[in-house]
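Q: the sequence and its predicted three-dimensional model are supplied below.
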2 protein chains.
Amino acid sequence: MPPSILLLIIFGVVCLLEFPGLTEGGKLLVIPQDTDVWLDMHSMVTKLKKNGHEIVVVMPKNNEISHLSKDFIMKTYPVPALDPELQINLEPTEPLSLLSCFFSTISIEYRRLRYTTSILSNTCQHLLDDQELVRYLERSSFDAVVIDPWFPCGPILAEHLSLPSIYVMPGFPCGWDYTATRCPKSPYQSQHYGQMDFTQRMKNLLVESLEYIACQEIKAEYTRMASQFLHKHVNILQVLSQAELWLFRYDFVVESAKPVMPNMMFIGGETCKEKENLPHEFEKLVNSSGEHGFVVFSLGSMVSEIPINKATDIAEALKSIPQQVLWRYTGKTPPNLGENTHLVKWLPQNDLLAHPKARAFITHAGSHGIYEGICNAVPMVMLPLFGDQMDNAKRIESRGAGLTLNVLHMTSEDLSNAVKAVINNPVYKENIQRLSSLHLDRPVHPLDLAVHWVEFVMRHKGAPHLRPAAHDLNWFQYYSLDVIGFLMFFLLTTLFISLKCCTFVFRRCCKRSSKQKPKSKSQ
Amino acid sequence: MPPSILLLIIFGVVCLLEFPGLTEGGKLLVIPQDTDVWLDMHSMVTKLKKNGHEIVVVMPKNNEISHLSKDFIMKTYPVPALDPELQINLEPTEPLSLLSCFFSTISIEYRRLRYTTSILSNTCQHLLDDQELVRYLERSSFDAVVIDPWFPCGPILAEHLSLPSIYVMPGFPCGWDYTATRCPKSPYQSQHYGQMDFTQRMKNLLVESLEYIACQEIKAEYTRMASQFLHKHVNILQVLSQAELWLFRYDFVVESAKPVMPNMMFIGGETCKEKENLPHEFEKLVNSSGEHGFVVFSLGSMVSEIPINKATDIAEALKSIPQQVLWRYTGKTPPNLGENTHLVKWLPQNDLLAHPKARAFITHAGSHGIYEGICNAVPMVMLPLFGDQMDNAKRIESRGAGLTLNVLHMTSEDLSNAVKAVINNPVYKENIQRLSSLHLDRPVHPLDLAVHWVEFVMRHKGAPHLRPAAHDLNWFQYYSLDVIGFLMFFLLTTLFISLKCCTFVFRRCCKRSSKQKPKSKSQ
């Protein structure tokens, strides 16, 4: 056996010896609030299952994902639809708005935030009301719980069951990640991308201030929910601050570098896997694409249908490029569909992007998509729809690795030009390759990192050494106001006494001299 | 071949494919200011050499460490001793003071800081004046430079040679790590250990304020040096902020959790190796220690001699315990030396601590020592002498894994009681085992982490995505003062105009009514 192989075997054995808990089975609770979050957590949880842990997943009843759930103990609860009146009141009227007027964007984003929060609150209330399920959780003894903390039920149940919790999320609205982790925010912190000019920084400040106000309502709602279930008054931020670890599903090749805490880990790109073989029909299509290669087009699982007039515009644009196009689309076939454009109901996105003939990726710029684009170094044309997609798109564009279009206002020419640009201008390919090489050059794969830290919390019942001591202080201790107060009091008292002494001495001297003066006169 | 071995081989091959640069040779410059720093960096640099890189080490001439330098291209420069008058002025008169009166400690620490800074300045000036060496460095084309940034020559030469730099250090005085990385400091941040009471927090605030004042002098000196060599006015903090990565040689099982930046990595315990076989004489001694085991005693490389009366006290204490003692000591043999106490000039510290019969570790609490103690889970009796040793000792004691003694004021009974306590009270062993298990449970060994990030900077000529954009802003942009100013101006102007309008309208109304009134009167 060659020495390198022997070394690898020894390394493997040492690894197993060093982390004896790695193969021992623990019991893990996972609480995804919906199908999307479950899809995001799926590869991590699958790997944990493979490592020998028993996994219990608590989520709303959903028959569509049964193929993703067969390896786990699924505990579901029914969630009736949101009260229709509330839904109409909150549902954003303009689902595809973006990059438009600042204040209208803000207002739409606010309505969207309130809408998703209402759905989460509704789902959470049904989970907390399911007494049988809650009793089952109380009886089971878990080692830890994995949650997306924006769903308030996760942190509330972790507190109720006294379980160490690991938060997994793409990001956190309202800046609560800063408050709950006691991470100080840099005065200059781009929510958007790299360096900002004056206007962008003003927008940033205004967005943050308005977001703060908007979030107060959500905070009150979540706080009420937590207090009611836990039978004590607790602020939702107190509950959130109990987290042992925060696993953020982003990487600093996309996100701006900013202050973090030792109990934050960054697992962006954890779903980007090794390329697998393409299904036969895709393999055939891709191989027939010739020297021009092909373009992958998907707006994600949430938007696979779009209005027919928009679809016609898009089809017109796609017709004009020499590449073959694989378009994930389930709506009515546009009448002008080009011969090079192939509509599919589903596509193996990562495997297609990993193909050497992939030339461009037209995406809505969701986290999943952009990390698969970066991982496989495919330049992107981004049509962001809402939420963090707009931020993602701006970040990729500012790094020169893609172009962003406004899906509402773009013409077919705009789209055609953008796709041609990212394919024919080598700068886009160079930039995405640079991002890709930075992103892939890691001491440990983000999926392994995530699994390691979840198992760490399970093994040690937490990660207390990574939490700042500041968590155990009240606000005046945290800001050292008592110390400053005491020192000020001490200083002022010393000053006052010194002044009094001086005045006293001065008066005595003056009196004496004034007494002496008349004397001298009389003399 | 069993499937697990096959998996390991595949994993190894994937690793090699994923990091193609890992085995390609680069050219690395290393600038340690003295033997101690060279010893600290040695294992990392050796591993980099093994990975195929050419290593050039620039350090003061020193014949003692030739055995540690044979694998590298050594470029040395002579450094005459410090001007004797200056040395006498600055050298601390009380080398072994600690835990004594607050202000006397501060004053001694200040003198020590000034003393070490003067030595570093002197060394640095000789390096910068060595034109032949500087020209050699200018001619060589390095990929990156590894430095301990407290030695100003490292960052200054990195700037001069336009090289991406990696800082490796146990910690950073003066809080310059925060300023130079743009990492906001938490208002509550323990310099010492976990949670602090009122007095400790007051001490902390005072120490920080006094340190800030003391550091201004050093800053001015380093700034003068940098400006002179680089032929332009540069603040030393600007020069320091150019670092690509900061590798801190600590771990959060010892250090308090605090805000960090994405370009900070934590490699504490990187020198803690797998146990090697003990040399024959130690093996014999250790095996003869019986059921009571043995105690390892070393005050580090800087203090192997101590005053004879103190040594006699210590010998008295060591005589009273049933364990064998291995004491690294080169001074005059104390007359009362017990039969169980064996004086040695050097000892294989890590291998002895890794032996299952090691019961306790008497140490001066230097970084090296405490991480070897933690790594091997041996409870400690700590006799800190100066600098970060006192902080280290307090941290370990506050975690219940050891006891701290004042080496100046302790009696032989104190030492004897402390050693007996850490050996016989199981709490100390339990606590050090807990720290050890947290410290060792890492996704990647800290030495591999350090090597990975040095190679990362060599491969990508930096790590730009991990540096905050704040570096490129001036201070009023950083604090958004221009935006706040503009918004205030806008608000005040609007208010002023509104007020003026109101006043104008009000006056017109009043005039009209006052004009009307006389009219009505006249009527």
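A: In hand now; what should we look at? The structure presented is a predicted model; accordingly, all values stated were derived computationally and were not measured.
Q: alpha carbons only for contacts and neighbour counts from here, please
A: Fine.
Q: low-confidence regions, the stretch 201-350 of chain A specifically.
A: For the stretch 201-350 of chain A, residues meeting the criterion pLDDT under 70 lie at A:301-305.
Q: ah, wrong one, I meant chain A
A: In chain A (pLDDT under 70), the answer is A:1-24, A:63, A:82-102, A:187-195, A:301-305, A:513-523.
Q: need the strands for it, in chain order.
A: A:27-31, A:54-60, A:73-77, A:144-147, A:165-169, A:245-248, A:264-266, A:294-298, A:324-328, A:341-344, A:358-363, A:380-382, A:402-404 (DSSP state E).
Q: hey, which of these is tucked in deepest?
A: Highest mean neighbour count among the strands of chain A (mean count of other Cα atoms under 10 Å in any protein chain shown): strand A:380-382, with a mean of 31.
Q: can you tell me the strand partners of that one and which way each runs?
A: strand A:358-363 (parallel), strand A:402-404 (parallel) (DSSP bridges).
Q: other residues contacting the last one?
A: Counting by Cα atoms under 8 Å, 6 or more residues apart in numbering or on different chains, strand A:402-404 makes contact with A:379-384, A:393-394, A:396-397, A:418, A:422, A:428, A:432, all of which sit outside it.
Q: neighbour-wise, which of those leads?
A: For the contacts of strand A:402-404, the largest number of neighbours (other Cα atoms under 10 Å in any protein chain shown) sits with A:Met380, at 35 neighbours.
Q: ok, now how distant is that one from chain B?
A: Here A:Met380 is placed at a distance of 19 Å from chain B (Cα to the nearest Cα, to the nearest Å).
Q: so that residue touches A:Gly400, yeah?
A: No - A:Met380 is beyond contact range of A:Gly400, at 9.9 Å (criterion: Cα atoms under 8 Å).
Q: how near is A:Ser66 to chain B?
A: A:Ser66 is 30 Å from chain B, by Cα to the nearest Cα.
Q: and for that residue, the neighbour number?
A: The burial count for A:Ser66: 10, using other Cα under 10 Å.
Q: next: the one 4 residues further on.
A: When neighbours are counted by other Cα under 10 Å, A:Lys70 registers 9.
Q: now it: phi and psi?
A: phi -70, psi -20 (degrees, to the nearest 10).
Q: what's near enough to touch A:Arg442?
A: A:Arg442 neighbours (Cα under 8 Å, 6+ apart): B:His452.
Q: re earlier: mind putting the strands paired with strand A:380-382 into CSV with distance to A:Ile31?
A: Putting the strands paired with strand A:380-382 into CSV (distance: least, Cα to Cα, whole Å) gives the following:
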stretch, distance to A:Ile31
strand A:358-363, 28
strand A:402-404, 34
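Q: can you give me the helices in the stretch 101-250 of chain A?
A: Counting by DSSP state H, counting those that start in this stretch, the stretch 101-250 of chain A has helices at residues A:102-129, A:131-139, A:153-160, A:176-181, A:198-230, A:236-240.
Q: out of the ones you listed, which gets nearest to chain B?
A: helix A:198-230 (5.6 Å; Cα to the nearest Cα).
Q: how far off centre is the closest one?
A: Relative to its chain's centre, helix A:198-230 lies at 16 Å (Cα atoms, centre = their mean, to the nearest Å).
Q: so which bits of that helix are buried?
A: A:201-202, A:204-207, A:211, A:214-215, A:218-219, A:221-223, A:225-227, A:229 (16 or more other Cα atoms under 10 Å in any protein chain shown).
Q: what of stretch A:233-243?
A: Within stretch A:233-243, judged by 16+ other Cα under 10 Å, the buried ones are A:234-237, A:239-243.
Q: just give me the neighbour total for A:Arg111.
A: For A:Arg111, the count of nearby residues is 18 (other Cα under 10 Å).
Q: what do you get for A:Lys511?
A: Counted by other Cα under 10 Å, the residues lying close to A:Lys511 total 12.
Q: pretty sure A:Leu337 contacts A:Glu316?
A: Yes - assessed by Cα under 8 Å, A:Leu337 is found in contact with A:Glu316 at 7.0 Å.
Q: in the stretch 401-523 of chain A, which spans are helices?
A: Going by DSSP H, counting those that start in this stretch, the stretch 401-523 of chain A shows helices at A:412-424, A:426-440, A:446-460, A:475-478, A:481-522.
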